[in-house]
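S.K.: kindly return the folded structure for what I paste below:
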Amino acid sequence: MPRKQVGQLGFEDGLVAKRRGRQRDDLEAILGLIDWAGIEAVLSPVMSTARKGEPSWPVLILFKALLLQRWHDLSDEALEANLFDRLSFQRFCGLSLGDDVPDHSTIWRFREKLARAGLIEPLFAELQRQLEGRGVLVKQGTLIDATLIQAAARRPKVAEGKTSPNDPDARFGVNNERRRYEFGYKGHIAMDEGSALVRAQRLTPANIQEIDVATALVAGDEGQVLADRGYDGARLRDHLAARGIANGVMQRGQKGRPLVPEEIARNHALAPRRRKVEAVFGTVKRIYRMSRMRYFNLRRCALAFGLALFAYNLRRLDRITAS
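M.R.: Numbers count the residues shown, from 1 in each chain. Predicted structure coming up:
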């Protein structure tokens, strides 16, 4: 299938380039942070994104467009309009002033193919490989936590059962802060304590317990794993011990066996360190608008959650390298 020829700079691009340099261009800085060829290689299974008979868009341009969508909380239609109007968006995606821009239906089809191919995990793994190569991961401690994210579908009423016909993957889960049920998904992350970069992420239905995902979030090379009481269990303790990783999971009392003063003091000492991971959820929910999903089904929502954390890591890496 023929591919669109884009990115060839013209006379107008040279004139516009003279205006740059007055202030820092964050998007241009992010372009130089990672090897985009590695990302493009992971995207190769979804090369075709065009209607039948039309030249296809380069997948890296479309992937960068999805990152812009997450950073700026744009609909597909608004993303198309901003790609047409904003020079910084065009430069980030590798488009020249004379190029056409992907329309909203192309963006939608690409996101659908990306979700169906299940490529968010390989993409996140490639980013982790590059972060490892840059030496920005401190690895002294990994902070693990989870948060509930409301489904796009309406919360089912009691008489309707526990699932939604519009989003059959969403489930009810307990909000640990208010102890009330919410309907949707649960985002799980592991954050590097020293750099605040996210090392691993998963999205599950909201009824999945944190402890069931915990071992998959442990990289194995960290010095310690820190987590709240919800992760206190033999499965994670044994997993950490077998790998020589210090256990920084807060303890919870059992029926008939309350915590002793030494255990309570240990929990109090761990709490301020463990709590730092909540800032990532605050950023993802407040800035990237992930308090409520925009899509139906686990596959689409997992892609949206993974893209938000991919985008978060790039922004965080930019701050680290700029400091």
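S.K.: give the contact list for residue 306.
M.R.: 120, 121, 123, 124, 201, 203 (C-beta atoms under 8 Å, 6 or more residues apart in numbering). Where C-beta positions appear, they are placed from N, C-alpha and C, glycine not excepted.
S.K.: sorry, wrong one. I was asking about residue 175.
M.R.: When contacts are counted by C-beta under 8 Å, 6+ apart, residue 175 is found next to 148, 181, 182.
S.K.: ok, the last one to residue 147 distance?
M.R.: Note on residue 182: its distance to residue 147, by C-beta to C-beta, to the nearest Å, is 10 Å.
S.K.: same deal with residue 254?
M.R.: Residue 254 sits at a distance of 26 Å from residue 147 (criterion: C-beta to C-beta).
S.K.: and the two? Which one has more around it.
M.R.: In terms of neighbours (other C-beta atoms under 10 Å), residue 147 is the more surrounded of residue 254 and residue 147; the figures are 21 against 9.
S.K.: surely that one meets residue 280?
M.R.: No - the pair residue 147 and residue 280 does not pass the contact test of C-beta atoms under 8 Å, sitting 9.1 Å apart.
S.K.: please pick the buried ones from the contacts of residue 306.
M.R.: Among these, the ones that count as buried by 16 or more other C-beta atoms under 10 Å are 120, 123, 124, 201, 203.
S.K.: wait, is the second one part of a helix?
M.R.: This means residue 123. Yes - according to DSSP: H, G, I helix; E, B strand; the rest coil, residue 123 belongs to a helix.
S.K.: list the contacts of the closest residue in space to it that isn't next to it in sequence.
M.R.: On the basis of C-beta to C-beta, 6 or more residues apart in numbering, the spatially nearest residue to residue 123 that is not a chain neighbour turns out to be residue 42, at 5.3 Å. Listed by C-beta under 8 Å, 6+ apart, the contact partners of residue 42 are 119, 122, 123, 126.
S.K.: which among those count as buried?
M.R.: 119, 123, 126.
S.K.: now render the contacts of residue 42 as a markdown table, adding distance to residue 216.
M.R.: Converted to a markdown table, the contacts of residue 42 look like this (distance: C-beta to C-beta, whole Å):
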| residue | distance to residue 216 |
| --- | --- |
| 119 | 18 |
| 122 | 15 |
| 123 | 17 |
| 126 | 18 |
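S.K.: quick one: mean pLDDT for stretch 294-306?
M.R.: Averaging the model's pLDDT scores along stretch 294-306 yields 95.
S.K.: return it as PDB; C-alpha atoms alone will do.
M.R.: Once side chains and other backbone atoms are set aside, the C-alpha atoms of stretch 294-306 remain, and they are given as PDB (Å, rounded to 0.1, in the frame of the first residue of the first chain):
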ATOM      1  CA  ARG A 294     -14.200   8.200  27.300                       C
ATOM      2  CA  TYR A 295     -14.400   4.700  25.700                       C
ATOM      3  CA  PHE A 296     -16.200   1.500  26.100                       C
ATOM      4  CA  ASN A 297     -14.600  -1.900  26.800                       C
ATOM      5  CA  LEU A 298     -11.400  -2.900  28.500                       C
ATOM      6  CA  ARG A 299      -9.300  -3.000  25.400                       C
ATOM      7  CA  ARG A 300     -10.000   0.700  24.400                       C
ATOM      8  CA  CYS A 301      -9.800   1.900  28.000                       C
ATOM      9  CA  ALA A 302      -6.500   0.100  28.600                       C
ATOM     10  CA  LEU A 303      -5.000   1.900  25.600                       C
ATOM     11  CA  ALA A 304      -6.200   5.300  26.900                       C
ATOM     12  CA  PHE A 305      -4.800   4.600  30.300                       C
ATOM     13  CA  GLY A 306      -1.500   3.400  28.900                       C
END
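S.K.: and the helices in the chain?
M.R.: When secondary structure is read from DSSP state H, the chain shows helices at 11-17, 26-31, 36-42, 59-72, 76-85, 87-93, 104-117, 120-134, 210-217, 234-242, 261-274, 278-286, 298-322.
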